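1. Here's a sequence, model it:
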Amino acid sequence: MSKLQIISDKNKKSLSIKKLLINKIKSHQFKQNNLVIVIGGDGFMLQTLKKNKNSNKQFYGINSGNYGFLMNKFSTENIIKNLDKAHMISISPLEMTVKNNNNQVRKSLAINEVSILRQSRQAASLSIKHGSKQIIKKLVSDGVLVSTPAGSTAYNLSVHGPILSLNSKKLSIAPISPFRPRRWKGKIVNDKLKIVITNLNPSKRPISAVADNLEVRNAKSIIVKTNNKIKFNLLYDKSRSLQKKIKIEQLRRETT
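-> You can find the predicted model right below:
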């Protein structure tokens, strides 16, 4: 017998959907094992996934937020059919390891991206390596962003980073408002090697490192790598899979 869990954000819309959902599905038995229905926005989904990082659960998101890229649209009429026919994809997160100015180390997971941001009015001064290869010796900018394919349509796209196909096995390294070299567009790299970002001037140009929404300030060095030991199993409606959503964004043209 499959186990079903419903988790919702605490806002009024999420709680309303949860109530409707409980009445709708009642004692229906779903084919998925350890099914978790998550009601909220992308941020709530990311938070829920990280809390369940060591589980083998399958997560079906229902959007009650704004954009809800990681979520599904709620349909009272079709919810049982959508759940029964949902398509599963598995994604691995980034693991961020930060050493601060006091040599304290902190680790955190990022499903969408790791952002390195200037912490003061001074631009950040960074060097970036991919494995043993120097990507850029000195980048002066507001920061840099390392994105997964799943997160490449989020903050990464806003800083003009490339949209990556879900099965590409690539990561995007995108600068944030680069000053020197001014026209550096970033780089697409494979996800097998670690990325090392070093603050070249931590005393004068402090930076923070953010894994999705968890911030570590006064970072001296940051290691970013894909943690393939962790798999998050996400369920999507057949007509609106995550792959299709990413493809739509790749083909979308900017409108004014």
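2. gap between residue 126 and residue 69?
-> In this structure, residue 126 and residue 69 are separated by 28 Å, where distance is defined by Cβ to Cβ, to the nearest Å. Backbone N, C-alpha and C define where each C-beta goes, glycine included.
3. Have a look at those two and say which one is more surrounded.
-> Looking at residue 126 and residue 69 with other Cβ atoms under 10 Å, you find the greater number of neighbours at residue 126, namely 24 against 20.
4. Tell me which other helices or strands the one helix or strand that one maps to touches.
-> Residue 126 is located in strand 124-130, with elements delineated by DSSP states H and E. Under the contact definition 3 or more Cβ pairs under 8 Å, 6 or more residues apart in numbering; DSSP states H and E, strand 124-130 sits against strand 113-118, strand 133-141, strand 143-147, strand 195-199.
5. Can you list the strands that the helix or strand that the last one is followed by pairs with?
-> On the C-terminal side of strand 195-199, the closest following helix or strand by DSSP H and E is strand 207-211. According to DSSP bridges, strand 207-211 has the following sheet partners: strand 113-118 (antiparallel), strand 214-216 (antiparallel).
6. Least reliable of the ones you listed by average pLDDT, please.
-> Taking the mean pLDDT of each of the strands paired with strand 207-211, the lowest value is held by strand 214-216, a mean of 94.
7. which residue ranges form the strands in the stretch 1-150 of the chain?
-> Under the criterion DSSP state E, counting those that start in this stretch, strands of the stretch 1-150 of the chain are mapped to 4-8, 35-40, 58-63, 87-91, 94-100, 105-110, 113-118, 124-130, 133-141, 143-147.
8. Repeat that for the stretch 151-256 of the chain.
-> With DSSP E, counting those that start in this stretch as the definition, the stretch 151-256 of the chain shows strands at residue ranges 170-176, 187-190, 195-199, 207-211, 214-216, 219-226, 232-236.
9. any idea which of the ones you listed is most buried?
-> Counting by mean count of other Cβ atoms under 10 Å, strand 207-211 has the highest mean neighbour count of the strands of the stretch 151-256 of the chain, with a mean of 26.
10. Touching that strand from outside, list them.
-> 94, 96, 98, 108-110, 114-119, 124, 126, 143, 199, 215-219, 222 (Cβ atoms under 8 Å, 6 or more residues apart in numbering).
11. Could you find the residue nearest the spatial middle of this structure?
-> Nearest to the centroid of the C-alpha atoms of the chain, with distances taken as Cα atoms, centre = their mean, sits residue 112, at 1.4 Å.
12. Was I right to think that residue contacts residue 213?
-> No. With contacts defined as Cβ atoms under 8 Å, residue 112 does not count as touching residue 213, sitting 9.2 Å away.
13. Give me the common contacts of those two.
-> Taking Cβ under 8 Å, 6+ apart as the contact rule, the neighbours common to residue 112 and residue 213 are residue 46.
14. Tell me which residues touch the residue nearest to residue 188 when sequence neighbours are not counted, please.
-> Nearest residue to residue 188 in three dimensions, chain neighbours excluded: residue 170, at 5.2 Å (Cβ to Cβ, 6 or more residues apart in numbering). Each residue near residue 170 by Cβ under 8 Å, 6+ apart is listed here: 149, 164, 188, 189, 190, 191.
15. So what sits opposite the third one in the bridge?
-> Beta-bridge partners of residue 188, counted by DSSP bridges, are residue 172.
16. Can you give me the pLDDT of it?
-> Residue 188 carries a pLDDT score of 97 in this model.
17. And it, how close does it get to residue 169?
-> Note on residue 188: its distance to residue 169, by Cβ to Cβ, is 11 Å.
18. beta partners of residue 224?
-> With DSSP bridges as the criterion, residue 224 is bridged to residue 96, residue 195.
19. From residue 107, how far out is it?
-> When Cβ to Cβ is the yardstick, residue 224 and residue 107 sit 11 Å from each other.
20. Overlap of the contact sets of these two?
-> Counting by Cβ under 8 Å, 6+ apart, the shared contacts of residue 224 and residue 107 are 95, 96, 97.
21. can you pull the pLDDT of the residue nearest to residue 188?
-> Among the per-residue scores, residue 170 holds a pLDDT of 97.
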